[in-house]
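Asker: Everything below, folded, please.
(one chain, ligands or ions: 2)
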Amino acid sequence: MTIITEFMKQFIFPLLALFITVGCTSQQKSLNRQSGDQKNTASPKNIILLIADGTGLSQVSSSIFYKEGPSNYDRLPEIGLIKTSSATELVTDSAAGATAFASGIKTYNGAVGVAVDSTSVINIAEEVSKIGWDTGLVATSSITHATPACFYAHISSRDEELEIAEQLVTSDIDFFAGGGLEFFKGRWDGMDLVTALKFNDFSMNTKELAPMEGAKKGYLLADDGMPKMVEGRGDFLPKATQMAIDHLSMNDKGFFLMVEGSQVDWGGHDNDAEYLISELIDFDEAIGVAMDFAQKNGETLVIVTADHETGGFTLAASQRGYATITPTFSTDSHSATMVPVFSYGPGSELFGGIYENTEIYHKMKQLIFPK
Ligand code: MG
Ligand code: ZN
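Answerer: Numbering: from 1, shown residues only. Ligands and ions are numbered 1, 2, ... in the order given. Presented below is the predicted three-dimensional model:
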């Protein structure tokens with residue numbers, strides 16, 4: 001008896017205690033996992049992805065130092081950083097960058113919606129269209145430019161804008177606004193894609209951003225890129241963002257909208273701080289429009305990011321001292337620096353941390369199509 005008691009004291013009790021401890025820990029873990037999963041299953045009904053081409057942290061900081069009034073970036077509480085290198089080069093271009101966001105793969109610079117072997121890869125706009133969402137694109141470049149193109153086209157080179165325009169006509173896109181009329185009308189091959197778009201149920205306007213009736217709407221308001229802000233573009237970007245949201249949100253199933261501040265990148269390439277900062281502040285207004293809708297709507301995930309940084313831009317102290325800033329560039333090309341991701345709304349908690357640019361796609365996919 002004493003031997004058994006001694007045996008139990010020495011071996012059985014500690015073992016039982018161990019089992020209880022392990023049991024509790026794994027129970028706790030599964031509880032934690034459950035609450036984690038519950039967080040993740042807060043699926044958004046709508047996603048608005050805003051991309052400011054060529055925007056690193058210094059560019060974003062411009063909206064704090066140079067914008068009158070508060071920055072709309074401040075309204076997105078979740079912050080992450082993405083690594084932007086492409087499959088073939090440390091420094092990405094906008095085509096590989098947008099293919100990473102749209103399709104979740106790393107590809108070569110210049111590729112639009114195709115993998116390294118030039119085979120087509122499905123994109124997020126095509127995938128949500130299959131479940132009945134509406135999709136839209138707004139850009140201050142040509143709508144056939146690399147960034148917007150990756151959400152509807154599949155072609156081995158971003159330079160094939162005539163072919164990219166043809167692919168827009170037969171795509172799943174329901175609303176678009178931007179420049180690029182020359183790729184649709186007055187083409188050397190005589191094809192009239194504005195008429196083709198109308199034939200495919202689009203209401204089209206090639207003059208102004210005026211309201212129209214129709215199930216699908218297209219605005220092509222410049223031959224190539226839209227005018228610069230400093231040359232009088234006005235409120236095109238925030239207004240087109242609002243019109244896209246008004247149109248797409250009529251769909252009860254949900255919508256995906258990509259909005260691009262295309263020309264922040266061009267200001268960077270030109271090493272023109274006034275150009276860059278005015279484009280960034282305009283983009284900030286578009287963020288404000290998306291956030292106003294999302295905060296009222298409650299079921300919309302807003303993601304604000306960039307494909308890469310352009311210009312090696314910094315808000316350096318001026319030569320006169322620390323009291324003033326001299327915006328400074330270190331290159332007229334892109335850089336490999338990580339770029340920030342800001343997010344708000346259901347599922348935004350997934351977007352914190354440091355990760356590859358392809359994860360933007362995979363995180364959206366996980367939220368829209370939970371396992
Ligand atoms: Mg772009
Ligand atoms: Zn660029």
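
Asker: which SSE is the closest residue to residue 263 other than its chain neighbours in?
Answerer: Once flanking residues are discounted, residue 263 sits nearest to residue 279: 4.5 Å by CB to CB, 6 or more residues apart in numbering. C-beta coordinates here come from the backbone N, C-alpha and C atoms, glycine included. Assigned by DSSP states H and E, residue 279 falls within helix 273-297.

Asker: Tell me the helices and strands packed up against whichever helix or strand comes after that helix.
Answerer: The helix or strand immediately downstream of helix 273-297 is strand 300-305, counting by DSSP H and E. Strand 300-305 makes packing contacts with strand 46-52, helix 273-297, strand 339-344, helix 358-368 when contacts are defined by 3 or more CB pairs under 8 Å, 6 or more residues apart in numbering; DSSP states H and E.

Asker: how far is the longest one from where the chain is centred?
Answerer: Centre-to-centre, helix 273-297 and its host chain are 13 Å apart (CA atoms, centre = their mean, to the nearest Å).

Asker: Quick check: residues of the stretch 101-250 of the chain near ligand 1?
Answerer: residue 147 (CB under 5 Å from the ion).

Asker: hey, where'd the helices end up in the stretch 101-250 of the chain?
Answerer: Secondary structure of the stretch 101-250 of the chain (DSSP state H, counting those that start in this stretch): helices located at 124-130, 146-149, 161-169, 193-199, 236-248.

Asker: ranking these by burial, who's on top?
Answerer: helix 146-149 (a mean of 30; mean count of other CB atoms under 10 Å).

Asker: taking the mean pLDDT, what do you get for that helix?
Answerer: Average pLDDT, helix 146-149: 98.

Asker: Relative to residue 138, which of the helices of the stretch 101-250 of the chain is closest?
Answerer: Nearest to residue 138, of all the helices of the stretch 101-250 of the chain, is helix 236-248, at 4.6 Å by CB to CB.

Asker: Can you list the strands that the next helix or strand after that closest one pairs with?
Answerer: For helix 236-248, the following helix or strand on the C-terminal side (DSSP H and E) is strand 255-261. Here strand 255-261 is paired, per DSSP bridges, with strand 46-52 (parallel), strand 134-142 (parallel).

Asker: Please render the ones you listed as a markdown table that adds mean pLDDT to the earlier fields.
Answerer: Below are these laid out as a markdown table (pLDDT from 0 to 100):
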| stretch | mean pLDDT |
| --- | --- |
| strand 46-52 | 98 |
| strand 134-142 | 98 |
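
Asker: Turn those strands into CSV, including mean neighbour count.
Answerer: Below are the strands paired with strand 255-261 laid out as CSV (neighbours: other CB atoms under 10 Å):
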stretch, mean neighbour count
strand 46-52, 26
strand 134-142, 27
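
Asker: now those in TSV, with distance to residue 221?
Answerer: Below are those laid out as TSV (distance: least, CB to CB, whole Å):
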stretch	distance to residue 221
strand 46-52	19
strand 134-142	10
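
Asker: The residue nearest the centre of the chain and residue 259, how far apart?
Answerer: The centroid of the chain falls nearest to residue 49 when counting by CA atoms, centre = their mean (3.7 Å). Look at residue 49 and residue 259: by CB to CB, to the nearest Å, they are 7 Å apart.

Asker: Same question for residue 100.
Answerer: With CB to CB as the criterion, residue 100 and residue 259 are 18 Å apart.

Asker: With residue 134 instead?
Answerer: 15 Å.

Asker: now do residue 179
Answerer: 14 Å.

Asker: So between these two, which is more surrounded?
Answerer: residue 259 (29 against 24; other CB atoms under 10 Å).

Asker: returning to that earlier point: please tabulate the helices of the stretch 101-250 of the chain in CSV, including the columns distance to residue 44.
Answerer: Shown next, in CSV, are the helices of the stretch 101-250 of the chain (distance: least, CB to CB, whole Å):
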stretch, distance to residue 44
helix 124-130, 11
helix 146-149, 21
helix 161-169, 26
helix 193-199, 29
helix 236-248, 13
